[in-house]
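>>> take a look and give me a structure for this.
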Amino acid sequence: MSVIDDIKANIDIVDLINSMGVGLRRSGRSFVGFCPFHPNTRTPAFHVYPDTQSFYCFGCHASGTAFDFVMRKQGLDFKGALELLAARAGIRLEPKNDAQRQEDARRARLLEINGIAARYFNYVLLNLSRGEPGRDYIARRGINQDAIDAFQIGYSLDDWNHLFSYLHEKKGYSVEDLITAGLVIPGERGPYDRFRNRIIFPIRNIRGEVIGFGGRALGDAQPKYLNTPETPLFKKSEVLYGLDLARDAIRTANRAIVVEGYVDVITAHQHGFRNVVAPLGTALSKAHINQLKRLTDQVYLALDADAAGQKATLRGLETIRTTSEEEGEGRMVTTAQGIVRLENDVTIRIIRLPAGRDPDEVIAADPQLWQTLVDQAAPVMDFYLEAYTAGLDMHDPTQQRQALERIIPLLSELDGAAQRVYVARVEQLTGVRSELIVDLIRTRLQPTRRSERNRTSRPSAPPLPATSPVSTTPLDEHRRHTEAYLLALALRYPSVNLAIENLLENLKKQHRDAGALFGAGLEDLLEEPLHQAIWQAYLATPLELRPTDPESLQFWVDTLGEPLSSEAKALLEVLNRRPDDVRFRHEAEQCARLIRKAQIMARIRRYKERLDELTDEEEIQQVLQHIRDLSSYAEQITRPRQSSTFPDLRNLLGQ
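The predicted structure is shown next:
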């Protein structure tokens, strides 16, 4: 039995969820309550099933195991959830080697140093006479005592070694550790403080641990804002300021608002807008989006309205699009509400700020205006059109072409209905006829569609061998083995990921409502927590570092650490042969079909259980319709594939 199985056996999901603030009551064989992941105050839609130790929400469709609940509720990654649940279950994780223990000890020391430094800076601001410049700045910005306490704002003295002397001589920390923490800089005359005469904003991770600092200069010192350098604890491009305090509000509102600066965040929280966070002087990154995705699927950007703020917004959007495209998720789609979104499970909208005013100025002067601006946030495509045509003369053919060169790639990524709407908008903005715009889009799409046809037109494959994990054995007895085999194929053959995405996307096209309940990525097929964690580690690996052959794959597996490394090695042991190019994709698709069918049937069973508890006729009919849609979808999953040699004549005739 694995450590994951031990934890599951020693954790009761009902007790766990109750202890984390969700009041559950028994209803037949399950427990019900109000969902913690979406506004849900009228009818309890959140069900917990003791028999399967799982949960499911009939409102927002959140589902999973104890691991999934903790990761989503606490905003943790798998490793954090594993540690939390292991401690709750009283299970000791795999013993670490000397190097790992030393690294853990060093991280613990650095966290301790940062925590003491944060308290020191805060004390200086509030209690020392020499902290007066900091108090004057705080008063000018309208920051009250509650906000100072919540964000632990501090002040660093205009002194070269005041903090160093305190931490080294009074607290006994080594010079090496203080330098590693980024608080002290080595110099010819000895170590000296990095932060001097600055307002100090402690930077915390989602657990509330201080991992670094941001310092705002008072006076003419440069740079105006100074952050802790990269350390074992702190990577600037991966941290969102205020996320530890905003986490619950983001989940409750199902909306995260991203602003630019520390004071923007603090002022927003001070005035009751607690779902606000900020990157640390960098463009919004995929790492930021991934953190927010655990809490919400609605991200609003409220960066400054000046030219620099517009450029920062564009950089952030382009970073997300580029990274998503590399991972096969970058296409823009249209939601049921007509909002253009990037196909990475996050809807992005832009808050239009009044010219020359920062978010903190708007919020402090008129909180209701801020709320109105949030409610009127624009779809991201509207922002693109405005930004890419700003300052251009649309009567000048050269500048018209410049605008179209920027906009056509975006239009080509839109779904049909949205594309027609925005083609008309572009015609109005640029004066270029819509027919020409459509021709340019088609010209751009032709190479892409040709390459997709080349990639997907494969000869039919022979049936799976008897030794394959997906044999005639019932799925419910070998679900984990099917998952394991699929994951092993995906790790060994990178093209499997794209093949699975294409398969799942095609399967749900004819059943959009039912298909929308399930994701279209390989990660959406994995339910074993260790499998999920391994695949997330793979996706987090930069493209140029991902394994492409058995030797590099083995090296990558060794870097995972326990228990992921042992699990990954066990997965790869099943690949004791090398199927040809068509064969391994076919096997992966077979696994995907079986798993998706099992997911659909599990969802149908839950809806049927829900029927037993309903009394409202309208709700009963809604659930029955869901069951019919899912049954039809399940039937499609196992339907033989249409022949690529003899196409359906109805398709050719447009019927």
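>>> following the helix or strand harbouring residue 489, which helix or strand comes up?
Using DSSP states H and E, residue 489 falls within helix 475-492. Counting by DSSP H and E, the next helix or strand C-terminal to helix 475-492 is helix 495-508.
>>> so what touches stretch 27-40?
Contacts to stretch 27-40, defined as CB atoms under 8 Å, 6 or more residues apart in numbering, come from residues 14, 17, 20-25, 41, 44-51, 57, 59-60, 62, 72-73, 251-252, 254, 609, 612-613. Every residue, glycine included, has its C-beta placed from N, CA and C.
>>> run the last query once more with 6 Å
Contact with stretch 27-40 is made by 14, 22-24, 44-49, 57, 59-60, 62, 254, 613, as judged by CB atoms under 6 Å, 6 or more residues apart in numbering.
>>> so which of those residues is the closest to residue 605?
The shortest approach to residue 605 among the contacts of stretch 27-40 belongs to residue 49, at 9.8 Å (CB to CB).
>>> which of the contacts of stretch 27-40 lies closest to residue 135?
Distance ranking of those against residue 135, using CB to CB, places residue 254 first at 37.7 Å.
>>> how far off helix 495-508 does the helix holding residue 489 point, in degrees?
Angle, helix 475-492 to helix 495-508, by axes from the mean of the first three to the mean of the last three CA atoms, to 10 degrees: 130 degrees.
>>> please state the offset of helix 475-492 from the chain centre?
Centre-to-centre, helix 475-492 and its host chain are 25 Å apart (CA atoms, centre = their mean, to the nearest Å).
>>> only the buried residues of that helix, if you could.
By 16 or more other CB atoms under 10 Å, the buried positions in helix 475-492 come out as 478-479, 481-492.
>>> just stretch 424-441 next, same as before
425, 426, 427, 429, 430, 432, 437, 440, 441.
>>> now do stretch 410-419
For stretch 410-419, burial by neighbour count (16+ other CB under 10 Å) applies to 410, 411, 412, 413, 414, 418, 419.
>>> report the secondary structure state of the nearest residue to residue 402 once chain neighbours are set aside.
Spatial nearest neighbour of residue 402, excluding adjacent residues (CB to CB, 6 or more residues apart in numbering): residue 392 at 6.4 Å. Going by DSSP: H, G, I helix; E, B strand; the rest coil, the secondary structure assigned to residue 392 is coil.
>>> give me the number of residues near residue 392?
16 (other CB atoms under 10 Å).
>>> would you report the backbone torsion angles of it?
phi -100, psi 140 (degrees, to the nearest 10).
>>> that one and residue 398 touch, don't they?
No: checked against CB atoms under 6 Å, the pair residue 392 and residue 398 is beyond contact range at 9.4 Å.
>>> need the residues touching each of these two.
Between them, residue 392 and residue 398 share no contacting residue under CB under 6 Å, 6+ apart.
>>> give me the mean pLDDT for stretch 436-449.
Computed over stretch 436-449, the mean pLDDT rounds to 71.
>>> when you give positions from now on, start the count at 18
OK, 18 is where the count begins now, so the last one is stretch 453-466.
>>> how long is stretch 141-153 end to end?
13 Å (CA to CA, to the nearest Å).
>>> separation between residue 221 and residue 148?
Residue 221 is 22 Å from residue 148, where distance means CB to CB, to the nearest Å.
>>> likewise residue 299?
Going from residue 299 to residue 148 by CB to CB gives 29 Å.
>>> the two: which has the busier surroundings?
residue 148 (20 against 17).
>>> now residue 38, nearest residue through space, not along the chain?
residue 53 (6.7 Å).
>>> which of the three states applies to residue 220?
State at residue 220, reduced to three classes by three-state DSSP: strand.
>>> would you mind giving both backbone torsions of the residue nearest to it when sequence neighbours are not counted?
Closest residue in space to residue 220, ignoring its immediate chain neighbours: residue 229 at 4.4 Å, by CB to CB, 6+ apart. As for residue 229, its main-chain torsions (degrees, to the nearest 10) stand at phi -180, psi -170.
>>> do residue 275 as well
The phi/psi pair for residue 275 (degrees, to the nearest 10) is phi -110, psi 120.
>>> who are the contact partners of the spatially closest residue to it that is not a sequence neighbour?
Using CB to CB, 6+ apart and skipping residues adjacent in sequence, the residue nearest residue 275 is residue 318, 5.2 Å away. The contact partners of residue 318, by CB under 6 Å, 6+ apart, come to 275, 330, 367.
>>> what about the first one, distance to residue 616?
The one in question is residue 275. According to CB to CB, residue 275 and residue 616 sit 33 Å apart.
>>> and these two? which has more neighbours close in?
Shown here are residue 275 and residue 616; by other CB under 10 Å, residue 275 has more neighbours (25 against 21).
>>> what sits opposite that one in the beta ladder?
Beta-bridge partners for residue 275, by DSSP bridges, are residue 294, residue 318.
>>> shaky segments in the stretch 518-667 of the chain?
Along the stretch 518-667 of the chain, the model assigns pLDDT under 70 to residues 527, 529-533, 559-562, 593-600, 655-667.
>>> where along it do the helices fall?
Assigned by DSSP state H, counting those that start in this stretch, the helices in the stretch 518-667 of the chain fall at 529-532, 546-557, 567-575, 581-589, 598-628, 634-655, 666-669.
>>> for the stretch 268-417 of the chain, same thing?
Under DSSP H, counting those that start in this stretch, the stretch 268-417 of the chain gives helices at 279-287, 303-310, 324-343, 376-382, 384-392, 397-406, 414-428.
>>> coming back round to it: ok, the buried residues of stretch 427-436 vs residue 376, which is closest?
residue 427 (26.3 Å).
>>> now do the closest residue to the closest one other than its chain neighbours, the pLDDT please.
Distances taken as CB to CB, 6+ apart put residue 401 closest to residue 427, at 5.6 Å, once the chain neighbours are dropped. In this model, residue 401 is scored at 85, pLDDT.
>>> circling back to that earlier point, need the buried residues of helix 492-509 in JSON lines with distance to residue 284 and pLDDT, can you?
Below are the buried residues of helix 492-509 laid out as JSON lines (distance: CB to CB, whole Å; pLDDT from 0 to 100):
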{"residue": "495", "distance to residue 284": "56", "pLDDT": "64"}
{"residue": "496", "distance to residue 284": "50", "pLDDT": "76"}
{"residue": "498", "distance to residue 284": "54", "pLDDT": "82"}
{"residue": "499", "distance to residue 284": "52", "pLDDT": "85"}
{"residue": "500", "distance to residue 284": "47", "pLDDT": "85"}
{"residue": "501", "distance to residue 284": "50", "pLDDT": "85"}
{"residue": "502", "distance to residue 284": "53", "pLDDT": "85"}
{"residue": "503", "distance to residue 284": "48", "pLDDT": "87"}
{"residue": "504", "distance to residue 284": "46", "pLDDT": "87"}
{"residue": "505", "distance to residue 284": "51", "pLDDT": "86"}
{"residue": "506", "distance to residue 284": "51", "pLDDT": "87"}
{"residue": "507", "distance to residue 284": "46", "pLDDT": "86"}
{"residue": "508", "distance to residue 284": "46", "pLDDT": "86"}
{"residue": "509", "distance to residue 284": "51", "pLDDT": "84"}
